[in-house]
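Chemist: Okay, here's the prediction I keep looking at, along with the sequence it came from:
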Amino acid sequence: MKRQDSFYFDNFIECTHYSLKAAELLMEVIENFDADSIQSRLDEMHHIEHSADTKKHEMLAVLMKAFMTPIDREDILLLSNCLDEVTDKIEDVLVRMYCNNIHVILPLAVDLSKVVVDSCKEMVKLLEEFRTFKKSKDIHASIVRINTLEEDADRLFIQAMRRLHEEESDPINMIKWREILIYLEKCTDATEHVADVIERVIMTNT
């Protein structure tokens, strides 16, 4: 692979690592929740998100000057934006937890956060395979795995919303957690969108 082509694929992979790092931080916060430390954890999350943004802008700077690209520049731009959206959605969960002044964690939120981590791990694998997508034997299995994890998150989301409305007597807490659960579910929607874009790129380039 040409060096200038490799740059784009390397950049995509690095962006997925930031998403995974953000997902792991979110899961750690939810699993070991401490309301007194959420501000500092939010600062950590923002640092990760800012680093991911920097990586995206590095790629855009190269793309603007590029004469030839390994895939359509519109697809490069779309995929870069989708990867950035994953990290943004994960940060949004923690922002919402902070804004809603959460003090007690719903058990199913822990399960959902684990699915987000698993989905980001699979997204890392997917982008590693994307480098050689014309020859890869594993890339389609990775796409299917991400879609399956999104379905798992949907099921957990429905269960969590049902339990919330069954067990929560405080309407304010219900509203707070309903928002957070929606934001959590959007994280796996974002990883699925990445997989969908890659699937389309494969179909149009092979």
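Modeler: The structure has been received and is ready for your questions.
Chemist: Helices of this protein, start to end?
Modeler: 3-31, 38-65, 73-99, 107-130, 139-167, 171-205 (DSSP state H).
Chemist: Can you spell out which helices and strands pack onto the last one?
Modeler: With contacts defined as 3 or more C-beta pairs under 8 Å, 6 or more residues apart in numbering; DSSP states H and E, the packing partners of helix 171-205 are helix 73-99, helix 107-130, helix 139-167. (C-beta placed from N, C-alpha, C; glycine too.)
Chemist: before we move on, what about the second one?
Modeler: On a contact count with 3+ C-beta pairs under 8 Å, 6+ apart, helix 38-65 meets helix 3-31, helix 73-99.
Chemist: I'd like these laid out as a markdown table, including distance to residue 41, mean neighbour count and mean pLDDT.
Modeler: As requested, those are exported to a markdown table (distance: least, C-beta to C-beta, whole Å; neighbours: other C-beta atoms under 10 Å; pLDDT from 0 to 100):
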| stretch | distance to residue 41 | mean neighbour count | mean pLDDT |
| --- | --- | --- | --- |
| helix 3-31 | 5 | 20 | 94 |
| helix 73-99 | 7 | 21 | 97 |
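Chemist: would you turn these into TSV with distance to residue 129?
Modeler: Listed next are the helices and strands packed on helix 38-65 as TSV, based on distance: least, C-beta to C-beta, whole Å:
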stretch	distance to residue 129
helix 3-31	10
helix 73-99	14
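Chemist: what stretches of the chain score poorly on pLDDT?
Modeler: Where the chain drops to pLDDT under 70, the residues are 1-3.
Chemist: how close does the most centrally placed residue in it sit to residue 199?
Modeler: With distances taken as C-alpha atoms, centre = their mean, the residue of the chain nearest its centroid is residue 86 (3.1 Å). As judged by C-beta to C-beta, to the nearest Å, residue 86 and residue 199 stand 16 Å apart.
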